[in-house]
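Asks: here is the input, now give the coordinates:
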Amino acid sequence: MPYKDKKKRNELTRKHYQSNKASYIKRASIWKTNNKDKVKESRVRYSEKKKIIGELNELQISYFKTDRSKDASREFFVTYENELKEILINIISIQHSQLKQDEIEKSKLLKIVKTFYSSKNTRNVDYYNFIELVVLKKIGTKKVGSIPGRLFNSALYDPIFNLIKNDF
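Replies: Predicted coordinates:
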């Protein structure tokens, strides 16, 4: 059964795509022309995410330039708390507009941010863990200051998005 072997499954998927590539491209083109507003929103979200990743890259560079003892990560959060809150505010704003198709009220936004930063939040979510995965961990052989978009999405953006989608 080829679908159980991941390599064979991927090979069959690639083969199917190559044989039907023209129809995929045509269908995507039609969808893009019919949904110009969604395409535009997607591009805006993408550029905002890239901007946030750039800010996280700068924080990562500054973190790896400093002493990295055991207490350094908590000290890092204290030092850069305002910058991290601004990044969280930007992430939540993007996600809310993606979910609700409108801007979030400032009071609600600040309440959500406060909930994430609260040590006794009801969801047992430690925002620091999300940031630590993305900023403070040097993943594999990746160069400091080059956080991949995939890591940003899987370790920071998507978990926060799911929390907001389910709880707020």
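
Asks: who does the helix of greatest length in the chain touch, helix- and strand-wise?
Replies: Determined from DSSP state H, the single longest helix within the chain is helix 36-65. Helix 36-65 sits against helix 81-100, helix 149-152, with contacts defined as 3 or more CB pairs under 8 Å, 6 or more residues apart in numbering; DSSP states H and E. C-beta here means a position set from N, CA and C on the backbone, and glycine is covered the same way.

Asks: for it, buried residues please.
Replies: 49, 52, 53, 56, 57, 59, 60, 63 (16 or more other CB atoms under 10 Å).

Asks: ok, now which ones touch the second one?
Replies: Contact analysis of residue 52 by CB atoms under 8 Å, 6 or more residues apart in numbering lists 87, 90, 91, 152.

Asks: give me every residue that touches the first one.
Replies: The reference is to residue 87. Residues near residue 87 by CB under 8 Å, 6+ apart: 52, 55, 56.

Asks: unless I'm mixing things up, the last one is touching residue 147, no?
Replies: It refers to residue 56. Yes - in this structure, residue 56 is within contact of residue 147 by CB atoms under 8 Å, at 5.5 Å.

Asks: what's the overlap in contacts for these two?
Replies: Counting by CB under 8 Å, 6+ apart, the common neighbours of residue 56 and residue 147 are 134, 135.

Asks: low pLDDT regions in this protein?
Replies: Applying pLDDT under 70 to the chain flags residues 1-2, 66-74, 117-126, 128, 136-142, 167-168.

Asks: break it down into its domains, please.
Replies: As assigned by automatic domain parsing, the chain contains the domains 1-34, 38-167.

Asks: for residue 113, pull up the helix or strand it's in.
Replies: Using DSSP states H and E, the element containing residue 113 is helix 106-117.

Asks: out of the contacts of residue 52, which are buried?
Replies: Among the contacts of residue 52, those buried by neighbour count (16+ other CB under 10 Å) are 87, 91, 152.

Asks: go through these and say which is closest to residue 16.
Replies: The nearest member of the buried ones among the contacts of residue 52 to residue 16, counting by CB to CB, is residue 152 at 30.0 Å.

Asks: these two touch, right, the closest one and residue 55?
Replies: No - with contact defined as CB under 8 Å, residue 152 does not reach residue 55; the gap is 10.9 Å.
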